[in-house]
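Enquirer: Sequence first, predicted model second:
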Amino acid sequence: MTPTLPAEQALDETDGIHLRRAIELANVARSRGNRPFGSVIVGADGAVLAEAWNRNGETGDCTAHAETEALRIASPRHSRDELAGATIYASGEPCVMCAGAIYWSNIRRVVFGIDAERLRVFRGDRLDQRDAELSCRDVFDASPTGIECIGPALLEEAAASHEGGWKT
Ligand SMILES: [Zn+2]
């Protein structure tokens with residue numbers, strides 16, 4: 001029996017705009033020799049607080065995931081109270097490290113594109129490409145602040161960044 005994949009969630013116009021920008025940044029990442037992931041952080045008033053893409057390839061830093069990179073930009077510049085009203089958009093479901101970083105930032109809302117399960121088809125069986133199979137929702141659900149998590153969303157667009165983008 002095939003395991004059931006998570007169902008795509010509908011987004012409103014604003015979330016759609018920002019998630020599409022995160023997907024664009026994933027394509028920027030890929031064009032620069034990194035894994036195809038992008039992220040955008042948007043404040044409660046709609047202002048973009050940070051944009052980032054995965055920079056593993058460019059920097060050799062294994063922690064340079066898009067969401068963590070975006071948090072490194074936004075967190076020093078904005079208070080925990082400001083970030084509590086922010087949303088982080090990620091082209092792919094946040095990994096365990098990024099989910100932990102999102103918790104520490106005090107951001108309470110996450111919107112992501114392709115989910116970790118569908119991503120595993122692209123990652124394949126190579127150990128250097130596999131992820132820790134713990135859902136970001138497990139991290140968010142365990143957090144005392146309560147973190148809303150929406151996704152997968154815009155699946156077709158989010159998946160397109162990964163077509164042919166991984167080693168086999
Ligand atoms: Zn990550």
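Expert: The structure has been received and is ready for your questions.
Enquirer: can you count the residues close to the residue lying closest to Ser135 once chain neighbours are set aside?
Expert: Once flanking residues are discounted, Ser135 sits nearest to Ala116: 6.6 Å by Cβ to Cβ, 6 or more residues apart in numbering. C-betas here are computed from N, CA, C, even on glycine. Burial of Ala116 is recorded as 23 neighbouring residues (other Cβ atoms under 10 Å).
Enquirer: ditto for Arg55
Expert: 21.
Enquirer: for Gly46, same thing?
Expert: Neighbours of Gly46 using other Cβ under 10 Å come to 10.
Enquirer: And Arg118, by the same measure?
Expert: Neighbours of Arg118 (other Cβ under 10 Å): 18.
Enquirer: Report the buried residues of the top helix by length along the chain.
Expert: Longest helix of the chain, by residue count under DSSP state H: helix 13-31. Residues of helix 13-31 classed as buried by neighbour count (16 or more other Cβ atoms under 10 Å): 15-16, 18-30.
Enquirer: circling back to that earlier point, close enough to count as contact, the residue nearest to Ser135 and Asp131?
Expert: Yes. Ala116 is within contact range of Asp131, at 6.3 Å (criterion: Cβ atoms under 8 Å).
Enquirer: OK, contacts around Phe140?
Expert: Residues near Phe140 by Cβ atoms under 8 Å, 6 or more residues apart in numbering: Ala99, Ile102, Tyr103, Val110, Ile147, Cys149.
Enquirer: Assess the claim that the fifth one and Ala101 are in contact.
Expert: No. In this structure, Ile147 is not within contact of Ala101 by Cβ under 8 Å, at 11.9 Å.
Enquirer: tell me what the helix or strand bottoming out on mean pLDDT in the chain is packed against?
Expert: The helix or strand of the chain with the poorest confidence is helix 116-123; it has a mean of 90 (mean pLDDT, DSSP states H and E). The contact analysis (3 or more Cβ pairs under 8 Å, 6 or more residues apart in numbering; DSSP states H and E) places helix 116-123 against helix 155-160.
Enquirer: If we use 10 Å, what do you get?
Expert: Where contact means 3 or more Cβ pairs under 10 Å, 6 or more residues apart in numbering; DSSP states H and E, helix 116-123 is packed against strand 87-92, strand 109-114, helix 155-160.
Enquirer: what are the pairing partners of the second one, and which direction each?
Expert: If you go by DSSP bridges, strand 109-114 pairs up with strand 87-92 (parallel), strand 148-150 (parallel).
Enquirer: rewinding a little: off-centre distance for the least confident helix or strand of the chain?
Expert: Helix 116-123 sits 14 Å away from the centroid of its parent chain (Cα atoms, centre = their mean, to the nearest Å).
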